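Enquirer: Take a look and give me a structure for this.
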Amino acid sequence: AVAVGMCFGVLLPLVFPGACVGAILAILIGCFTPSLTATYITTFYPCMALLGALVGIKCRSVMVMLASTLTMGAAVGSFINTNLFLCILSISRGENFIPPSTGKDYDYLITGSSQVYLGLLWIICSFISMVVLAFVQGGLKP
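Expert: Model prediction:
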């Protein structure tokens with residue numbers, strides 16, 4: 001439901017792209033604060049969505065671009081590391097993120113900084129998708 005909401009928020013009119021950006025930024029900030037997930041979602045998440053909706057009324061095109069790149073970055077990052085999708089779901093549910101595998105390949109994900117690593121992966125994938133969209137749209141020239 002989270003992924004579908006992130007995608008549909010970009011396509012709907014008026015305040016929805018801004019609310020989508022606010023919600024996505026709240027989840028992204030939640031990746032960098034692993035100890036605050038339970039109280040964080042109930043207070044900060046709706047405030048960010050409301051703030052994004054209010055900003056989205058004035059500058060809709062910027063919010064659509066930002067929501068598209070953040071959603072695309074989450075999708076691409078989930079293909080690279082499947083724990084990113086599980087981390088996004090855990091944060092949006094208000095739960096603590098626990099990696100499904102605790103084998104030696106995922107030992108670095110057991111620590112509290114695992115969400116920070118996944119948040120950085122999300123930001124990097126979002127930046128790459130923004131550059132690709134800019135090249136496709138003709139905004140940047142090599």
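
Enquirer: May I see the buried residues of stretch 70-80?
Expert: Residues of stretch 70-80 classed as buried: 70, 71, 72, 73, 74, 75, 76, 77, 78 (neighbour count, 16 or more other C-beta atoms under 10 Å). Every residue, glycine included, has its C-beta placed from N, CA and C.

Enquirer: can you count the residues close to residue 137?
Expert: By the criterion of other C-beta atoms under 10 Å, residue 137 has 9 neighbours.

Enquirer: Retrieve the pLDDT associated with it.
Expert: For residue 137, the pLDDT comes out at 76.

Enquirer: now the one 4 residues further on
Expert: According to the per-residue confidence, residue 141 scores 62 in pLDDT.

Enquirer: Could you do residue 32 as well?
Expert: On the pLDDT scale, residue 32 gets 79.

Enquirer: quick one, what contacts it?
Expert: 115, 116, 119 (C-beta atoms under 8 Å, 6 or more residues apart in numbering).

Enquirer: circling back to that earlier point, among the buried residues of stretch 70-80, which pair sits farthest apart?
Expert: Using C-beta to C-beta, those span at most 12.7 Å, a distance reached by 70 and 78.

Enquirer: what's in contact with the helix ranked longest in the chain?
Expert: Assignment by DSSP state H gives helix 114-137 as the longest helix of the chain. Identification of contacts with helix 114-137 by C-beta under 8 Å, 6+ apart yields 28, 30-32, 34, 65, 68-70, 72-74, 76-77, 80-81, 83-84, 87, 91, 97, 99, 108-109, 140, 142.

Enquirer: if we go to 7 Å?
Expert: For helix 114-137, the surrounding residues in contact (C-beta atoms under 7 Å, 6 or more residues apart in numbering) are 28, 31-32, 34, 69-70, 72-74, 76-77, 80-81, 83-84, 87, 97, 99, 140.

Enquirer: Which ones among those residues lie within strands?
Expert: Per DSSP state E, strands hold no members of these.
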